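Asks: What shape does this take:
(chains A and B)
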Protein chains: 2
Amino acid sequence: MQTRSEETRGRIVQSALKLFADQGYDATGVAEICKSSGVSKGAFYHHFPSKQAVFLVLLQEWLQSLDKELGRAMSASSNVPEGLLAMASEMQGVFAAADGRLSLFLEFWQQARRDPAVWKELIAPYRRYRDYFAQIVQTGIDEGSLRPVDAQAAGQALVALAVGIVVQGVLDPGGAQWDVVTRDALQLLITGLSSGR
Amino acid sequence: MQTRSEETRGRIVQSALKLFADQGYDATGVAEICKSSGVSKGAFYHHFPSKQAVFLVLLQEWLQSLDKELGRAMSASSNVPEGLLAMASEMQGVFAAADGRLSLFLEFWQQARRDPAVWKELIAPYRRYRDYFAQIVQTGIDEGSLRPVDAQAAGQALVALAVGIVVQGVLDPGGAQWDVVTRDALQLLITGLSSGR
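Replies: Numbering: from 1, shown residues only, chains lettered A, B, ... in the order given. Next up is the predicted model:
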């Protein structure tokens, strides 16, 4: 069961998420987060030292749920190409999550470009994803499902594709069926990675 | 020869570019652009109705130079795979342009998400790029250099890859050799598009 304190903390995070997504990080003040979550300033600062701290919690939570989804997709698959396509299916859930988290994605990058503290928090997991995908490609090469490409370069390509699709999905949600685009684009890349096997 | 009026206009645009890139669009005011370009407010408003108008000029200029580079790369190549790789080489120039234009890229998307006027200006050329790349893929299919894939989906994949690499290059300029990443990722996709030919 959630304690009252946990419940307050969760309410702050949810309100901040909605405000950041709707009007942007810069335009949102602590006072507004307090008002919208029905929490006193004292209670806010009991839980978080700053607005940025809430922002970083949102980033961490987003990355953790992404990690879980990707790990689940890969472990349920019998080889790497299958696992990558299962990950693409998981992206459907990411796009369907209408809680504004996806639109925070651009905000994360934008803030990271300006603020070294955010940059440090964002760049570590992001570089980790690149290594993670490079490792997956290496596994595919080792198991014989992918041809012996440069695993680091292929990992980069996979991350670039994912980032590009998410950014487009945020800007132009109605412009394409993004889950279909994800699957088709990944399928093309997998064909490129496995051709000649 | 540039008239004095053109010279003033150019100075405003250059100052705005630098300020937007350094500190962001929201944090930059018309007064600051005037100060930094040594132009009076009267002269500013003679050339532009608003700060946003300068922003949209920067967007248009960026897209025009991109169009020119992509068109040149394709017309100098003898088939589609070669043309796509030539385009990737042109990206080197895009990444090397240290005038802050690249870091404005994220700002464009961010503003577009909030402001329908910017969205309209950004979405039209962006959708045009998707069609442009779909057409290129179709040309490749017709000339026999690519296999008969879904041209629209492949165009989407190419644009996603480009967007993803540019976004990463902005955030993490030192994190990879982005020109090499671009070429390698594209090469993988081209192999996926041409395998079995």
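
Asks: Show me the shaky parts of chain A.
Replies: The model of chain A has pLDDT under 70 over residues A:1, A:92-103, A:195-197.

Asks: Residue ranges of each domain in it, please.
Replies: What the record gives for chain A is the domain set A:1-48, A:52-194, from automatic domain parsing.

Asks: now residue A:178: how far from residue A:184?
Replies: In this structure, residue A:178 lies at 11 Å from residue A:184, with CB to CB, to the nearest Å as the measure. C-betas here are computed from N, CA, C, even on glycine.

Asks: Neighbour count for the two, which is higher?
Replies: For the pair residue A:178 and residue A:184, the greater number of neighbours falls to residue A:178 (23 against 19), based on other CB atoms under 10 Å in any protein chain shown.

Asks: what about stretch A:127-141, distance to the chain center?
Replies: Relative to its parent chain, stretch A:127-141 has a centroid offset of 17 Å by CA atoms, centre = their mean, to the nearest Å.

Asks: typo on my end, stretch A:178-194
Replies: Centroid displacement of stretch A:178-194 relative to its chain, using CA atoms, centre = their mean, is 19 Å.

Asks: What residues sit buried inside it?
Replies: A:178-179, A:181-194 (16 or more other CB atoms under 10 Å in any protein chain shown).

Asks: got the buried residues for stretch A:51-71?
Replies: Using 16+ other CB under 10 Å as the test for burial, stretch A:51-71 gives A:51, A:54, A:55, A:56, A:57, A:58, A:59, A:62, A:63, A:66, A:69, A:70.

Asks: So which of those sit within strands?
Replies: For these, membership in strands holds for none, with DSSP state E as the criterion.

Asks: Quick check: helices, which of these are part of them?
Replies: A:51, A:54, A:55, A:56, A:57, A:58, A:59, A:62, A:63, A:66, A:69, A:70 (DSSP state H).

Asks: Test my guess that residue A:83 contacts residue A:74.
Replies: Yes. Proximity of residue A:83 to residue A:74 meets the contact threshold set by CB atoms under 8 Å, at 4.2 Å.

Asks: Tell me if stretch A:50-58 is near chain B.
Replies: No. Against chain B, stretch A:50-58 shows no contacts by CB under 8 Å from any CB of the partner chain, the least distance being 15.0 Å.

Asks: And what about the closest residue to residue A:194 other than its chain neighbours, helix, strand or coil?
Replies: Nearest in space to residue A:194, with sequence neighbours left out and distances taken as CB to CB, 6 or more residues apart in numbering or on different chains, is residue A:146 at 5.2 Å. Classification of residue A:146 into helix, strand or coil gives coil, according to DSSP: H, G, I helix; E, B strand; the rest coil.

Asks: And residue A:194, how far from residue A:185?
Replies: The span separating residue A:194 from residue A:185 equals 15 Å under the rule CB to CB.

Asks: again but with residue A:36, I slipped
Replies: Taken as CB to CB, the spacing of residue A:36 relative to residue A:185 amounts to 38 Å.

Asks: all helices for chain A, in order.
Replies: Listed in chain order, the helices found in chain A under DSSP H are A:4-23, A:30-37, A:41-47, A:51-75, A:80-96, A:101-114, A:116-143, A:151-171, A:178-194.

Asks: got the ones you listed as a markdown table, with distance to residue B:155 columns?
Replies: A markdown table is the format used below for those (distance: least, CB to CB, whole Å):
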| stretch | distance to residue B:155 |
| --- | --- |
| helix A:4-23 | 29 |
| helix A:30-37 | 42 |
| helix A:41-47 | 47 |
| helix A:51-75 | 26 |
| helix A:80-96 | 18 |
| helix A:101-114 | 23 |
| helix A:116-143 | 23 |
| helix A:151-171 | 12 |
| helix A:178-194 | 10 |
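
Asks: wait, doesn't residue A:37 sit right on residue A:19?
Replies: No. The pair residue A:37 / residue A:19 is not scored as a contact, 9.3 Å apart, by CB under 8 Å.
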